[in-house]
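Undergrad: Quick one: sequence plus predicted model below, questions after.
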Amino acid sequence: MDFLLGQNSVEGKISGYLDRFASLLILLAILLPFLATISYISVTVNRVASFIQFLFVLVYTLPTIHFYKELYSVSITARVVAVLLVITSIGWLVNYIPVYGIYQSWFYAVQVLFVGAAVVWFERCGISSFKWLFFSKIIIFGITLALFVIYFLSLGEGGNPAAIKGNPPVFRHLRHFNYELAFLSMLAVGMFFVWRVRSVHYSFWGGLFLVLGFVSVWSGGRGQLLALCFFLLCLAVFSRKILFDRSVLISVLCFVVGGLLVFCTDWTYLVDSPLKRTVEFSSVNSVSSGRIAIWTEAIQHLERSVFFGFGPDAFLRLPMKSGPVQPHSFLFQWLLEFGIVGSLALFIALYKIVRHCLRVLRGDDSLAVITAASFLSGLVFALVDGILYHALPSIMMGLLLAFLYSSRCNPRRDKTVNGG
């Protein structure tokens, strides 16, 4: 009996070390791609991220396999989605699309495995794993602000501060920074409301949201602000208890004040142009910063392979006149890459996920409610930008989704984990 207890103790220690190593890999999966944006393009950054994510999956290989076996056995939807995606893959091969030689294929496959492994991570590491995400985003935010300060100090007389939009010292484009600002803002609301960390004074949270509001408006991130408004709308519809809590009201007030402060300074050079286009509304394409033209061209190409699309990273490989490497909307990204058959599978899966989020929003678990609202807001953001293409926001969406399908938010999963 003592021998068995000792064996269990050893297994417990090994399990604990693996969980710590997995947490470290999560931190690296968030930080290293961020640092890679200093020198590398998005395609390379996605490679860095997927490699670290794959290492994370290897840590939890067996429980991840068990998770998907269970999902496949109990969910008709999962089986339908799997069959449709297999048919799509066969369609790619028949149409001589070299899908297995396209690195983005690897990136997509790893994202699926990553979500399953992250479900296991959340269940084994508990709520501390959620804090881990918040602090990793705080680190990125702090480093980014420091690099921006250095950038402006080095401009010198006659420098053009507006040039930072297309060529910032990190993120490759300022729009990508807005992805981080959106998720950090929503995570911060969750941290402030749920934990009310006594060792951190209210002045810290007020200051954080003040800076977040200022930087968000200064950068002219309309998609980010759309996502944050939708986040608050979710809380207003499903959980007014959270929305009208003192911590959330302080967060919103400080964010708004920080945003308004931009217009009291001469730092409006980035927000003036998109604000003017929105107010004047000369054309939908102009207001959308050319997205309508991008999406129209994507649909024109889709007509050549309507059922199966052109495979991952189609936008980058096709002769597109519009220029960007991705269509700035997951709807057109999926249609162009997966065609009608594959997109049908993805939309069926998305429908089930959204339904699950709505059930969570109606629940009493405040952290789960905030997480569901954050995920749905990320989807709204993904309608008009590359949230589900670029590594950093994709990882964040995957982690939010994993938390929503862990035993804390999924009663069926809770019974399985606890042997019910």
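TA: Nice, I can see it.
Undergrad: Please make it C-alpha for all contacts and neighbour counts, starting now.
TA: Noted.
Undergrad: where in the stretch 201-350 of the chain is pLDDT low?
TA: Residues of the stretch 201-350 of the chain meeting the criterion pLDDT under 70: 276-283, 285-288, 322-323.
Undergrad: Excluding chain neighbours, what is closest to Asp313?
TA: Leaving out its chain neighbours, the residue that sits closest to Asp313 by Cα to Cα, 6 or more residues apart in numbering is Gln104, at 6.1 Å.
Undergrad: do the same with Gly207
TA: In this structure, Gly207 finds its nearest non-sequential neighbour in Cys254, 7.6 Å apart by Cα to Cα, 6+ apart.
Undergrad: what does Ser366 give?
TA: In space, Ser366 is closest to Val194, 6.8 Å off (Cα to Cα, 6+ apart).
Undergrad: how far away is that neighbour from Trp121?
TA: 20 Å (Cα to Cα, to the nearest Å).
Undergrad: quick one, what contacts Phe177?
TA: By Cα atoms under 8 Å, 6 or more residues apart in numbering, the residues touching Phe177 are Phe171.
Undergrad: And the one 10 residues further on, by the same measure?
TA: Contact analysis of Leu187 by Cα under 8 Å, 6+ apart lists Phe134, Ser374.
Undergrad: how close does it get to Ser136?
TA: On the measure of Cα to Cα, Leu187 and Ser136 end up 11 Å apart.
Undergrad: quick one: common contacting residues for the two?
TA: Joint contacts of Leu187 and Ser136 (Cα under 8 Å, 6+ apart) do not exist.
Undergrad: just checking, Glu297 touches Met320?
TA: Yes: judged on Cα atoms under 8 Å, Glu297 makes contact with Met320 at a distance of 7.3 Å.
Undergrad: follow-up on the earlier one: list the helices and strands the host helix or strand of the residue nearest to Gly207 packs on?
TA: Here Cys254 sits within helix 246-261, counting by DSSP states H and E. Counting contacts by 3 or more Cα pairs under 8 Å, 6 or more residues apart in numbering; DSSP states H and E, helix 246-261 is packed against helix 174-194, helix 202-218.
Undergrad: of those helices, which approaches Leu388 most closely?
TA: Leu388 lies closest to helix 174-194 among the helices and strands packed on helix 246-261, at 10.7 Å (Cα to Cα).
Undergrad: List the buried residues of that closest one.
TA: Buried residues in helix 174-194, defined by neighbour count with 16 or more other Cα atoms under 10 Å: 174-193.
Undergrad: what about that helix, distance to the chain center?
TA: From the chain centre to the centre of helix 174-194 is a distance of 10 Å (Cα atoms, centre = their mean, to the nearest Å).
Undergrad: now that helix: mean pLDDT?
TA: Here helix 174-194 scores 92 as its mean pLDDT.
Undergrad: correct me, but Leu404 touches Ala368?
TA: Yes: Leu404 lies in contact with Ala368 (Cα under 8 Å); the separation is 6.9 Å.
Undergrad: list residues touching both of the two?
TA: Taking Cα under 8 Å, 6+ apart as the criterion, Leu404 and Ala368 both touch Val360.
Undergrad: contacting residues around the residue nearest to Asp313?
TA: Contacts for Gln104 were tallied using Cα under 8 Å, 6+ apart; they are Val43, Asn46, Pro312, Asp313.
Undergrad: nearest spatial neighbour of the second one, skipping sequence neighbours?
TA: With sequence-adjacent residues excluded and distances taken as Cα to Cα, 6+ apart, Asn46 is closest to Ala391, at 5.0 Å.
Undergrad: count of residues packed around the one you found?
TA: Ala391 is flanked by 26 other residues according to other Cα atoms under 10 Å.
Undergrad: ok, now Val237?
TA: 11.
Undergrad: try Pro33
TA: Neighbours of Pro33 (other Cα under 10 Å): 24.
Undergrad: If you count contacts, what does whatever helix or strand it lives in end up packed against?
TA: Here Pro33, judged by DSSP H and E, is contained in helix 2-36. Applying 3+ Cα pairs under 8 Å, 6+ apart, we find helix 2-36 packed against helix 42-59, helix 103-125, helix 128-153, helix 391-404.
Undergrad: Can you mark which positions in that helix are buried?
TA: Neighbour counts over helix 2-36 (16+ other Cα under 10 Å) mark 19, 22-23, 25-36 as buried.
Undergrad: now stretch 34-53
TA: Residues of stretch 34-53 classed as buried: 34-37, 42-50, 52-53 (neighbour count, 16+ other Cα under 10 Å).
Undergrad: if we can go back for a sec, what's the closest of the helices and strands packed on helix 2-36 to Cys264?
TA: Using Cα to Cα, the nearest of the helices and strands packed on helix 2-36 to Cys264 is helix 128-153, at 19.2 Å.
Undergrad: For the closest one, which residues meet the burial criterion?
TA: Ser129, Phe130, Lys131, Leu133, Phe134, Ser136, Lys137, Ile138, Ile140, Phe141, Thr144, Phe148.
Undergrad: Tabulate the residues you listed in JSON lines, adding columns for pLDDT.
TA: Converted to JSON lines, the buried residues of helix 128-153 look like this (pLDDT from 0 to 100):
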{"residue": "Ser129", "pLDDT": "82"}
{"residue": "Phe130", "pLDDT": "82"}
{"residue": "Lys131", "pLDDT": "84"}
{"residue": "Leu133", "pLDDT": "88"}
{"residue": "Phe134", "pLDDT": "90"}
{"residue": "Ser136", "pLDDT": "92"}
{"residue": "Lys137", "pLDDT": "93"}
{"residue": "Ile138", "pLDDT": "94"}
{"residue": "Ile140", "pLDDT": "95"}
{"residue": "Phe141", "pLDDT": "96"}
{"residue": "Thr144", "pLDDT": "95"}
{"residue": "Phe148", "pLDDT": "95"}
